[in-house]
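J.: Using only what follows, build the 3D model:
(one chain, ligands or ions: 2)
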Amino acid sequence: MITFENVSKFYDNQTALRKISFSVERGEMAFITGPSGSGKTTMLKLIYMAEKADEGRINVNDMELSQLRESDVPVLRKNIGIVFQDFRLLDNINVFENVAIALRIRGVDEREVKSKVFDALKLVSLRHKTDSYPTALSGGEQQRVAIARAIVSEPVIILADEPTGNVDPDTSAGIIRTFKEINARGTTILLATHNRELFKNSGKRVLKLDFGNFAGEEIG
Ligand SMILES: Nc1ncnc2c1ncn2[C@@H]1O[C@H](COP(=O)(O)OP(=O)(O)OP(=O)(O)O)[C@@H](O)[C@H]1O
Ligand SMILES: [Mg+2]
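T.: Numbers count the residues shown, from 1 in each chain. Ligands and ions are numbered 1, 2, ... in the order given. Reported below is the predicted structural model:
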């Protein structure tokens, strides 16, 4: 579903990723880990084409990214739900509308929007915050809204960047359970984190990065 072949990414004269090769199978849930600055976010950005690789090949959902035209990028992203490290919620609309965005873009009818948004908010235990604005939420609550927004349109791939960075250990365990449930329904999930607790005993594959280098993999 996601394949990297000798992928490198340079920022100015700095190497963010060096000759990275790996693949994530359709329906798999895998983790990327490594210390701060090791290239986790960069790797995810290459997958949804927020950045372009300088070397190598990337294939996502049968699309060869180096051959993708600018106009095809929305087609790629339509299949990907993204939980950004910095959330990126819109502060001028409430929680319901933040989660509903992807459905509205697709022209989903209002009754279905309601039921899907409420289901997604229930999954992250935020049904009671439907009418709140993001600025009135705690960091952990904002993070959970970002997760609901990423899962609501049932994308084939979910990329989650440090999705439990702002929550307590119990909430964090609940979020990982939620991702596992979504994965069990067939969604491919790639989750970046520096927190070993998240993948310990998960039974899932863990890809390790170290200063932009691939540093092997293990089963969590
Ligand atoms: N837009 C950019 N311009 C220049 N350098 C960048 C840019 N984005 C990332 N980098 C550099 O690339 C390297 C990898 O950054 P990246 O954000 O991928 O790391 P990360 O593993 O996600 O770290 P963290 O755990 O802190 O989120 C870092 O050295 C960073 O400084
Ligand atoms: Mg990061």
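J.: what's the longest helix in the chain?
T.: Using DSSP state H, we find that the single longest helix of the chain is helix 169-184.
J.: What is it packed up against?
T.: strand 29-33, helix 139-151, strand 157-161, strand 188-192 (3 or more CB pairs under 8 Å, 6 or more residues apart in numbering; DSSP states H and E). From N, CA and C alone the C-beta is placed, and that goes for glycine too.
J.: Please work out which residue of this structure is closest to ligand 2.
T.: Nearest residue of the chain to ligand 2, counting by CB to the ion: Thr41, 3.2 Å away.
J.: now the angle from the helix or strand encompassing that residue to strand 157-161?
T.: Per DSSP states H and E: Thr41 is located in helix 40-47. Angle of helix 40-47 versus strand 157-161, following axes from the mean of the first three to the mean of the last three CA atoms, to 10 degrees, is 150 degrees.
J.: coming back round to it: quick one, the longest helix of the chain and strand 29-33 angle?
T.: Angle, helix 169-184 to strand 29-33, by the same axes, to 10 degrees: 130 degrees.
J.: so who does the residue nearest to Lys45 when sequence neighbours are not counted touch?
T.: Spatial nearest neighbour of Lys45, chain neighbours left out: Glu51 (4.3 Å); criterion: CB to CB, 6 or more residues apart in numbering. Shown in contact with Glu51 (CB atoms under 8 Å, 6 or more residues apart in numbering): Lys9, Thr42, Lys45.
J.: Three-state assignment for Val75, please.
T.: Recorded secondary structure, Val75: helix (DSSP: H, G, I helix; E, B strand; the rest coil).
J.: Return the residues in contact with it.
T.: Met63.
J.: Let me know the pLDDT of the nearest residue to Leu123 once chain neighbours are set aside.
T.: Nearest residue to Leu123, sequence neighbours excluded (CB to CB, 6+ apart): Thr178, at 5.4 Å. Thr178 is assigned 89 on the pLDDT scale.
J.: Arg144 is in contact with Thr178, correct?
T.: No: taking contacts as CB atoms under 8 Å, Thr178 lies outside contact range of Arg144: 9.1 Å.
J.: what domains does the record give for the chain?
T.: The record's domain parsing of the chain by automatic domain parsing lists 1-79+158-220, 87-154.
J.: and the last one, is it in reach of ligand 1?
T.: Same thing as domain 87-154. No: applying CB under 6 Å from any ligand atom, one finds domain 87-154 out of contact with ligand 1, separated by at least 13.5 Å.
J.: Could you tell me the end-to-end distance of that domain?
T.: 18 Å (CA to CA, to the nearest Å).
J.: Torsion angles phi and psi at Val7?
T.: Main-chain torsions, Val7, degrees, to the nearest 10: phi -90, psi 130.
J.: any idea how far it lies from Gly107?
T.: As judged by CB to CB, to the nearest Å, Val7 and Gly107 stand 35 Å apart.
J.: and the protein, which residues reach ligand 2?
T.: Proximity of the chain to ligand 2 (CB under 5 Å from the ion) is limited to residues Lys40, Thr41.
J.: Contacts made by the helix or strand of the chain at the bottom of the mean pLDDT ranking with the rest, please.
T.: Between all helices and strands in the chain, the lowest mean by mean pLDDT, DSSP states H and E belongs to helix 169-184, at a mean of 90. With contact meaning CB under 8 Å, 6+ apart, helix 169-184 is reached by 27-29, 123-125, 140, 144, 147, 151, 158, 160, 163-164, 167, 189, 191, 195, 197-198, 202.
J.: No further questions, thank you.
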